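In: got a sequence here, can you build the structure:
(chains A and B)
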Protein chains: 2
Amino acid sequence: FFSKPRDFSLPNSSWGPEMMRLYEHYNSQCEAETEGGGKQKGPWRRIPSYNRSLKRKTSFFCVCFSGGVYLSKLIQSKARLFTRSIKEAGAAFEYVLFDNSDAQKCVGILQAGHLLEGPPGFVHGGAIATMIDTVTGAHAAVLSGPVMTANLNINYRSPIPLGSTVLLESSLDKTEGRKTFVSCQVTSSDGATLHTEATALFVSISVRKILD
Amino acid sequence: FFSKPRDFSLPNSSWGPEMMRLYEHYNSQCEAETEGGGKQKGPWRRIPSYNRSLKRKTSFFCVCFSGGVYLSKLIQSKARLFTRSIKEAGAAFEYVLFDNSDAQKCVGILQAGHLLEGPPGFVHGGAIATMIDTVTGAHAAVLSGPVMTANLNINYRSPIPLGSTVLLESSLDKTEGRKTFVSCQVTSSDGATLHTEATALFVSISVRKILD
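Out: Residues are numbered from 1 along each chain as shown, chains lettered A, B, ... in the order given. Coordinates of the predicted model:
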């Protein structure tokens, strides 16, 4: 009924050597070889990424949850996920997330395009915050189901040169009732430079509560 | 030599009634009437906004500061400010900043377009962080000169419906040596709903240090 949506977490021609190297590093660990030479699930899993909530198209719940009562139909139909809203490959956020449920870790690999500029030549603090929210939010959702961001506390240590590839690593700190606490470090692709450190708090949301 | 750049902080046809109402509210206070019926500077000042660092085109310093040694010329020439990188009016961040130096306050008026979606129907936490960084950063720069973001601590209280207009109000908390501490509240356009609260720390940067 609907054409298959594009998964933006797969490589495209704009990805540079560092982006490809990190992608291959984690992607190769999504499958492991068995003793008999067969294949089985590896420790990491690539998380697909689309430019809008797919569920919304097919589910009544999601039409409600999407704020249908507040939003004009025009806005609803044109709405796109912030991090995937620019069509030109390589221009903005090129990223892929991998999750390791045994280690309770999630990583994001980001190649920062020329439309993410803040200080001249460097990535905007808000674009870094956006990627931290994305990686920690996906991690919290894997761990705890549907969540909303309640707090982000971000320390900017060293600016990220525009055009570079960085690694975001999210670790679970603890869960407490409806709260999921995670930490995130943003480093250069070789791990030598710590660019940004953050903690994030997510709160589990009840679908019933939202609809009430 | 260069054509005059577009000032994105001026109204365009995508601005809705709430955006226009708040704009007019602050804009009307940019000029005050004198006793004699003439005009003089009012308490507020509109801060112009462009889609890239203008200085870079004309100044050697800014070419250096722009990370010229790290960035390919292609990326440099295409680089655009993150918040002004989408050309379609109304699609992403429509905003204008006003500064009141006597009150040590800065406000941002934001109309959140359909490309800023996070949770279905609501603005992305990263887009909110981006606007907080923008308003508090501009405020800190007015107060302290060139600065870089060192910390953002953001509490998300109530999600912002996609398409709505919100007000960001930045207040100076204190300055300590090279540090400027500001707070920011994001409320609905009528002030009735507190959406987000944040503190931000900016550190003054020395041009000489960057070039060394």
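
In: low-confidence ranges, chain A, go.
Out: Applying pLDDT under 70 to chain A picks out residues A:1-2, A:54-70, A:207-212.

In: can you give me the strands for it?
Out: Assigned strands in chain A, in chain order: A:31-33, A:39-41, A:45-47, A:93-100, A:105-112, A:147-156, A:165-176, A:179-188, A:194-204 (criterion: DSSP state E).

In: Serialize these to JSON lines and add fields for mean neighbour count.
Out: Using the backbone N, CA and C atoms, a C-beta is placed for each residue, glycine as well. As requested, the strands of chain A are exported to JSON lines (neighbours: other CB atoms under 10 Å in any protein chain shown):
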{"stretch": "strand A:31-33", "mean neighbour count": "11"}
{"stretch": "strand A:39-41", "mean neighbour count": "9"}
{"stretch": "strand A:45-47", "mean neighbour count": "17"}
{"stretch": "strand A:93-100", "mean neighbour count": "23"}
{"stretch": "strand A:105-112", "mean neighbour count": "25"}
{"stretch": "strand A:147-156", "mean neighbour count": "21"}
{"stretch": "strand A:165-176", "mean neighbour count": "18"}
{"stretch": "strand A:179-188", "mean neighbour count": "20"}
{"stretch": "strand A:194-204", "mean neighbour count": "20"}
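
In: pull the number of nearby residues for the residue lying closest to A:Ser85 once chain neighbours are set aside.
Out: Excluding its sequence neighbours, the residue lying closest to A:Ser85 (CB to CB, 6 or more residues apart in numbering or on different chains) is B:Leu115, at 3.7 Å. Close neighbours of B:Leu115, defined as other CB atoms under 10 Å in any protein chain shown, add up to 23.

In: picking that back up, for the strands of chain A, which one sits closest to chain B?
Out: When those are compared by CB to the nearest CB, strand A:147-156 sits nearest chain B, at 4.1 Å.

In: pull the distance from that closest one to the chain's centre.
Out: 14 Å (CA atoms, centre = their mean, to the nearest Å).

In: give me the sheet partners of it and which way each runs.
Out: strand A:194-204 (antiparallel), strand B:147-156 (antiparallel) (DSSP bridges).

In: could you dump those strands to CSV with distance to B:Glu35?
Out: What follows is those, written out as CSV (distance: least, CB to CB, whole Å):
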stretch, distance to B:Glu35
strand A:194-204, 53
strand B:147-156, 38
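
In: which one of those lies closest to B:Asp133?
Out: For those, the distance to B:Asp133 is smallest for strand B:147-156, at 5.8 Å, taking CB to CB.

In: and the residue nearest to A:Lys39 when sequence neighbours are not counted, bridged to which residues?
Out: Once flanking residues are discounted, A:Lys39 sits nearest to A:Glu31: 5.0 Å by CB to CB, 6+ apart. Counting by DSSP bridges, A:Glu31 forms beta bridges with A:Lys41.

In: now do the contacts for A:Glu31.
Out: Residues in contact with A:Glu31, defined by CB atoms under 8 Å, 6 or more residues apart in numbering or on different chains, are A:39-42.

In: just A:Ala138 next, same as before
Out: A:47, A:97, A:99, A:106, A:108.

In: mind running it again at 6 Å?
Out: A:47, A:97 (CB atoms under 6 Å, 6 or more residues apart in numbering or on different chains).

In: and what of A:Ile154?
Out: For A:Ile154, counting by CB under 6 Å, 6+ apart, the contacting residues are A:129, A:198, B:152.

In: let me know whether the last one touches B:Thr199 as I believe.
Out: No: contact status for B:Leu152 versus B:Thr199: not in contact, 7.8 Å apart, counting by CB atoms under 6 Å.

In: within range of chain B, give me the residues from chain A.
Out: A:53, A:56, A:62, A:65-67, A:70-71, A:75, A:78-82, A:85, A:114-117, A:120-121, A:124-127, A:129-130, A:133, A:149-156, A:161-163 (CB under 6 Å from any CB of the partner chain).

In: hmm, which of those residues are the buried ones?
Out: In terms of neighbour count (16 or more other CB atoms under 10 Å in any protein chain shown), the buried residues within the residues of chain A next to chain B are A:53, A:56, A:62, A:65-67, A:71, A:75, A:78-82, A:85, A:114-117, A:120-121, A:124-127, A:129-130, A:133, A:149-154, A:156, A:161-163.
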